[in-house]
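S.K.: What shape does this take:
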Amino acid sequence: MRDNNINLELEPFQSQLQSISQTIHSISQEAEGDTMALLAVLRTLERLHREIREGCFREALPDNRQALYALLKEIESHGGWPYIPRASLGSLLEKLSVEAEDTSAPVEEN
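M.R.: Residues are numbered from 1 along each chain as shown. The predicted structure follows:
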């Protein structure tokens, strides 16, 4: 029964969230191949995530145990805490080393 209440509570936001998602996908597709533009998109998403988490979300947290427990159950049952992982320097360097190996491999002539 609680799941239905959650869906009803979120219903007014679904079309706005869908629109935001489509806009972000569109910008990402337009920037395809442009590392700096895509990095700007990722940085913007990370900044927004942090601002919402530390601002509105923190202020909206429940102030009693039962409501906090219900929130934690909701988070656990519907995908966990939203997290934006950062690419590690190691993973970027790994990509460079693979590309370097590809370009230094001898080309066989027939």
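S.K.: List the contacts of the most centrally placed residue in the chain.
M.R.: By Cα atoms, centre = their mean, the chain has its centre lying nearest to I84, at 4.6 Å. Counting by Cβ atoms under 8 Å, 6 or more residues apart in numbering, I84 makes contact with 45-46, 49. All C-beta spots, glycine's among them, are computed from the backbone N, C-alpha and C.
S.K.: any chance of those residues in TSV, with distance to F57 and neighbour count too?
M.R.: Listed next are those as TSV, based on distance: Cβ to Cβ, whole Å; neighbours: other Cβ atoms under 10 Å:
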residue	distance to F57	neighbour count
L45	15	12
E46	15	13
H49	10	14
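S.K.: Could you export these as a markdown table, including pLDDT and secondary structure?
M.R.: Output for the contacts of I84, formatted as a markdown table (pLDDT from 0 to 100; DSSP: H, G, I helix; E, B strand; the rest coil):
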| residue | pLDDT | secondary structure |
| --- | --- | --- |
| L45 | 95 | helix |
| E46 | 93 | helix |
| H49 | 93 | helix |
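S.K.: can you put these in JSON lines and add distance to S26?
M.R.: What follows is the contacts of I84, written out as JSON lines (distance: Cβ to Cβ, whole Å):
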{"residue": "L45", "distance to S26": "14"}
{"residue": "E46", "distance to S26": "19"}
{"residue": "H49", "distance to S26": "20"}
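S.K.: And what about the residue nearest to the centre of the chain, helix, strand or coil?
M.R.: coil (DSSP: H, G, I helix; E, B strand; the rest coil).
S.K.: now swap in A67 and tell me
M.R.: Applying three-state DSSP: A67 is helix.
S.K.: helices or strands next to the lengthiest helix in the chain in the packing?
M.R.: In the chain, taking DSSP state H as the definition, the longest helix is helix 2-30. In terms of contacts (3 or more Cβ pairs under 8 Å, 6 or more residues apart in numbering; DSSP states H and E), helix 2-30 is packed against helix 35-52, helix 65-77.
S.K.: coming back round to it: tell me the one of the contacts of I84 nearest D63?
M.R.: H49 (23.5 Å; Cβ to Cβ).
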